[in-house]
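sequence and predicted structure, then a few things I'm wondering about:
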Amino acid sequence: MADQAEQTGQLADRSTDRLTSPPITALAMSADVADRVFAPDIRERLARSVELAPALLTGSLTGSDARAVLARTEILVTGWNCPPITAEVLAHAPRLRVLVHAAGSVKPVVTDALWDRGVVVSSAADANAGPVVAYTLAAITFAAKGALSTAAGYTEGWPPFTGRVGADARTVGVIGASRIGRGVIAALRTSDVGWRVLLTDPYVTAEEAAGLGAELVELSELCRRSSIVSVHAPQLPETRGMVSAEMLKLIPDGGTLINTARGSLVDTDALADECGAGRLDAFLDVTDPEPLPPGHPLLTLPNVLVTPHIAGAQGSEVRRLGEYAVGEVERFVRGERLAGRLSREELPRLA
C-alpha cells in the first residue's frame, strides 16, 4: 500500500490513517440514481473489495443517520444529487480517505475542505465523456447534411438538397480542448470525411494542437472559418458569454452551432436572433437558462434542436459510470494510482 500515502497526501498523524480490511465504503446519491448507476451485478462487484455500508446516504449528510454512517466511512462514492462535502460534513467523517464520483462533473460535490483534508478525489468523467463525444459527432454529421432545415421542409414534399458541399463544410471549430473536445478532435481526425479542425484553448500551444490534429487559432478566427462550431469549454467567469453576438455573426451563413458544454457560454438571445433569421442552425443539449421557458424561440424554431441535457450517459450508458467508479475503488484498495484522479489546481478548468 505504499502508493496509498502518496495518493492521500501528507495527512496529519492520526490513528484513523490505516485502512480497515476491507475498507468501509458508503454510497451518497439519490436512491433512483443508485439503482441506475449501480445495478445489482455492479454493486456485488463493489462489495467484493470493500465492506459496503448498508444504508444509502440520500439527502442531507449532516443528519444523525448520515453522521453515523460517515463516522466509519473510509471511501465515499458519490453521484448525482449528492450534497457538497463541506467542512461540516467532513467533521463527522474522520476516516474518509478517498471520494469517487460516479458521474461527470464533480464540481457540485467538491469543496476546498476536501483538498485541505488531503482526501483523494476521482471522477468518472472519462466514462461520461464517450457518450457526449458520440452525441457531438452525430450533431456534426446532421449539421453537414443540413438535416434540420431539410427535415422541416419535408412536410411540404421532397425538399431540395441543403447539405453543405463546399470546402468550408468540412471545417469544424472546437472551442475547448477538454477531454470531450479532444475526443471529438480524435474522432474527426480518423474519419474518412476529411474534416479540417480548428481549435481555440488558452491552455494549449500550437504544437500541442497540431499533435491533437487541429490548428490552434483565436476564437474570432475559428468562428470566421468554421461552418460548424462545437462548444466544449468549462464554465468559468471568463468563459461566460464567450460565444457572443459578435462571435455568432462571424460564423458563415448556413453554419451550425453545437453546444454540449454549458449554456452560459453562449449568448442565448443572440443565438435565437441568428437562428430565427435562418442564418444559423443549432444543436443545443444545454441552454441558459436551463430549462428554457415555455414558448422560447429556440424551442420552436425548425432549424434548432434542443435536448434536455442528455448528451452524457443515459439509459444503458449509465452503468458505465458505476463500472468506472468501482474500478477506481478497486485500484485504491490495491494501492494503485486512480485513473480519474483530479487535483485542486485543474478542477476549475474542467467542465
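The structure has been received and is ready for your questions.

residue ranges with poor pLDDT in the stretch 1-150 of the chain?
For the stretch 1-150 of the chain, the stretches with pLDDT under 70 are 1-17.

sorry, that was for the stretch 251-351 of the chain
For the stretch 251-351 of the chain (pLDDT under 70), the answer is 351.

the helices in it, which residues?
268-276, 297-300, 319-334 (DSSP state H, counting those that start in this stretch).

mind listing what's buried in the first one?
Pointing back at helix 268-276 there. 268, 270, 271, 272, 273, 274, 275 (16 or more other Cβ atoms under 10 Å). (C-beta placed from N, C-alpha, C; glycine too.)

between the residues you listed, which is nearest residue 106?
residue 268 (26.3 Å; Cβ to Cβ).

quick revisit: can you redo the helices of the stretch 251-351 of the chain as TSV with distance to residue 156?
Listed next are the helices of the stretch 251-351 of the chain as TSV, based on distance: least, Cβ to Cβ, whole Å:
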stretch	distance to residue 156
helix 268-276	20
helix 297-300	18
helix 319-334	42
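
which of those sits closest to residue 67?
helix 319-334 (22.3 Å).

need the contact partners of that closest one.
By Cβ atoms under 8 Å, 6 or more residues apart in numbering, the list of residues contacting helix 319-334 from outside reads 4, 7, 19, 22-23, 25, 36-39, 42-43, 45-46, 49-50, 75, 77, 79, 97-98, 100-103, 120, 122, 124, 126-128, 130-131, 313, 337-340.

repeat the analysis, applying 7 Å as the threshold.
23, 25, 37-39, 42, 45-46, 49-50, 75, 77, 98, 100, 102-103, 122, 124, 126-128, 313, 338-340 (Cβ atoms under 7 Å, 6 or more residues apart in numbering).

list every C-alpha atom in it, with coordinates, as PDB.
The C-alpha coordinates for helix 319-334 follow below in PDB (Å, rounded to 0.1, in the frame of the first residue of the first chain):
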ATOM      1  CA  ARG A 319     -23.800   1.700 -15.900                       C
ATOM      2  CA  ARG A 320     -20.500   2.800 -17.400                       C
ATOM      3  CA  LEU A 321     -20.300   5.300 -14.600                       C
ATOM      4  CA  GLY A 322     -20.800   2.600 -11.900                       C
ATOM      5  CA  GLU A 323     -18.300   0.300 -13.500                       C
ATOM      6  CA  TYR A 324     -15.700   3.100 -13.700                       C
ATOM      7  CA  ALA A 325     -16.300   4.100 -10.100                       C
ATOM      8  CA  VAL A 326     -16.000   0.500  -8.900                       C
ATOM      9  CA  GLY A 327     -12.700   0.200 -10.900                       C
ATOM     10  CA  GLU A 328     -11.400   3.300  -9.100                       C
ATOM     11  CA  VAL A 329     -12.300   1.800  -5.700                       C
ATOM     12  CA  GLU A 330     -10.600  -1.400  -6.600                       C
ATOM     13  CA  ARG A 331      -7.400   0.500  -7.700                       C
ATOM     14  CA  PHE A 332      -7.400   2.400  -4.400                       C
ATOM     15  CA  VAL A 333      -7.700  -0.700  -2.300                       C
ATOM     16  CA  ARG A 334      -4.800  -2.300  -4.200                       C
END
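
adjust the sequence numbering to begin at 40 for everything that follows.
From this message on, residue numbering opens at 40, which makes the last subject helix 358-373.

can you give me the buried ones in it?
Quick answer for helix 358-373 (16+ other Cβ under 10 Å): 358-368, 370-372.

dump the residues you listed into JSON lines; add distance to residue 210 as well.
Shown next, in JSON lines, are those (distance: Cβ to Cβ, whole Å):
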{"residue": "358", "distance to residue 210": "36"}
{"residue": "359", "distance to residue 210": "32"}
{"residue": "360", "distance to residue 210": "34"}
{"residue": "361", "distance to residue 210": "38"}
{"residue": "362", "distance to residue 210": "37"}
{"residue": "363", "distance to residue 210": "34"}
{"residue": "364", "distance to residue 210": "38"}
{"residue": "365", "distance to residue 210": "41"}
{"residue": "366", "distance to residue 210": "38"}
{"residue": "367", "distance to residue 210": "38"}
{"residue": "368", "distance to residue 210": "43"}
{"residue": "370", "distance to residue 210": "40"}
{"residue": "371", "distance to residue 210": "43"}
{"residue": "372", "distance to residue 210": "47"}
